[in-house]
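Engineer: Kindly return the folded structure for what I paste below:
(chains A and B)
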Amino acid sequence: EVQLVESGGGLVQPGRSLKLSCLASGFTFSNYGMNWIRQAPGKGLEWVASISSSSSYIYYADTVKGRFTISRDNAKNTLYLQMTSLRSEDTALYYCARHDYWGQGVMVTVSS
Amino acid sequence: DIQMTQSPSVLSASVGDRVTLNCKASQNINKYLNWYQQKLGEAPKLLIYNTNNLQTGIPSRFSGSGSGTDYTLTISSLQPEDVATYFCFQHNSWPYTFGAGTKLELK
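Structural biologist: Numbers count the residues shown, from 1 in each chain, chains lettered A, B, ... in the order given. As a prediction, the model looks like this:
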């Protein structure tokens, strides 16, 4: 069974950093491109970043480019999202996802 | 960036109705269009990938069609458990983009 389990969320002050993790199981992680997608409270879905299976290709939404870094460790079956210079508008539920399977999400709240 | 416009934003229908949800891209997305269903408090679930391919385990009352810039999700006979918000998603080119969603309610 495919499972994606996010962790690392929480309450953080504006301007600070946070690193999210996503532990994958039930499939060969190193064969798949992965994504981070977020959803602000009561709002729609926003694609944040993608990384190819071997980390050769990485793409970001303009809203996070230069502040967020997506990475992966295929030996640990783990996807990461390093978030810096956080803003209140980054407050959202962050999902780790293949296109066909999503985790349950981890909440990030940016507030003083 | 490719903009995805969904219509209507809210749809009220009765059990058994045939329901059609629309998604229009601002440019050709070559059928790289997925549909997701999100129920309240849950993660999105993939229904249809690449325009018209039914994801494993999804009931056959769901179907997708389209090409170029115009895409449609159809529910042939609405069931109570279909109450949800539906999002289209283009993965033809980066940045990937979602539509704003159609909220499907029971009349």
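Engineer: Pick out the residue closest to the middle of chain B.
Structural biologist: For chain B, residue B:35 is the residue whose C-alpha lies nearest the centre (CA atoms, centre = their mean; 3.9 Å).
Engineer: Which residues does the nearest residue to residue B:40 once chain neighbours are set aside form beta bridges with?
Structural biologist: Leaving out its chain neighbours, the residue that sits closest to residue B:40 by CB to CB, 6 or more residues apart in numbering or on different chains is residue B:84, at 7.8 Å. Glycine gets a C-beta too; all of them are placed from N, C-alpha and C. Counting by DSSP bridges, residue B:84 is bridged to residue B:104.
Engineer: re earlier: quick one: the residue nearest to the centre of chain B is in a helix?
Structural biologist: No: counting by DSSP: H, G, I helix; E, B strand; the rest coil, residue B:35 is not found in a helix; it is strand.
Engineer: Please tell me how far it sits from residue B:74.
Structural biologist: 10 Å (CB to CB, to the nearest Å).
Engineer: Mutual contacts of those two, please.
Structural biologist: In terms of CB atoms under 8 Å, 6 or more residues apart in numbering or on different chains, residue B:35 and residue B:74 are both contacted by the residues B:21, B:62, B:64.
Engineer: how about a markdown table for those residues, with pLDDT added?
Structural biologist: Below are those laid out as a markdown table (pLDDT from 0 to 100):
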| residue | pLDDT |
| --- | --- |
| B:21 | 98 |
| B:62 | 98 |
| B:64 | 98 |
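Engineer: who are the neighbours in contact with the residue nearest to the centre of chain B?
Structural biologist: Contacts of residue B:35 by CB under 8 Å, 6+ apart are B:21, B:23, B:46-48, B:62, B:64, B:73, B:86-89.
Engineer: same deal with residue A:110?
Structural biologist: Applying CB under 8 Å, 6+ apart, the residues contacting residue A:110 are A:12-14, A:86-91.
Engineer: Can you name the residues that contact residue 21?
Structural biologist: With no chain named, the answer covers chain A. Counting by CB under 8 Å, 6+ apart, residue A:21 has contacts A:6-8, A:78-80.
Engineer: not what I meant, chain B
Structural biologist: B:6-7, B:11, B:35, B:72-74, B:86, B:102, B:104.
Engineer: Tell me the buried residues within the residues you listed.
Structural biologist: B:6, B:11, B:35, B:72-73, B:86, B:102, B:104 (16 or more other CB atoms under 10 Å in any protein chain shown).
Engineer: Between these, which sits nearest residue A:31?
Structural biologist: Using CB to CB, residue B:35 comes nearest to residue A:31 of the buried ones among the contacts of residue B:21, at 24.1 Å.
Engineer: Relative to residue A:21, how far out is the spatially closest residue to the closest one that is not a sequence neighbour?
Structural biologist: In space, and not counting its chain neighbours, residue B:35 is closest to residue B:48: 4.2 Å by CB to CB, 6+ apart. Residue B:48 sits 30 Å away from residue A:21, going by CB to CB.
Engineer: One more: residue B:58?
Structural biologist: 29 Å.
Engineer: and the two most separated of the contacts of residue A:110?
Structural biologist: A:13 and A:89 (14.3 Å).
Engineer: Where does the residue positioned nearest the centre of chain A sit, in terms of helix or strand?
Structural biologist: Nearest to the mean C-alpha position of chain A, by CA atoms, centre = their mean, lies residue A:36 at 3.7 Å. For residue A:36, the host element (DSSP states H and E) is strand A:34-39.
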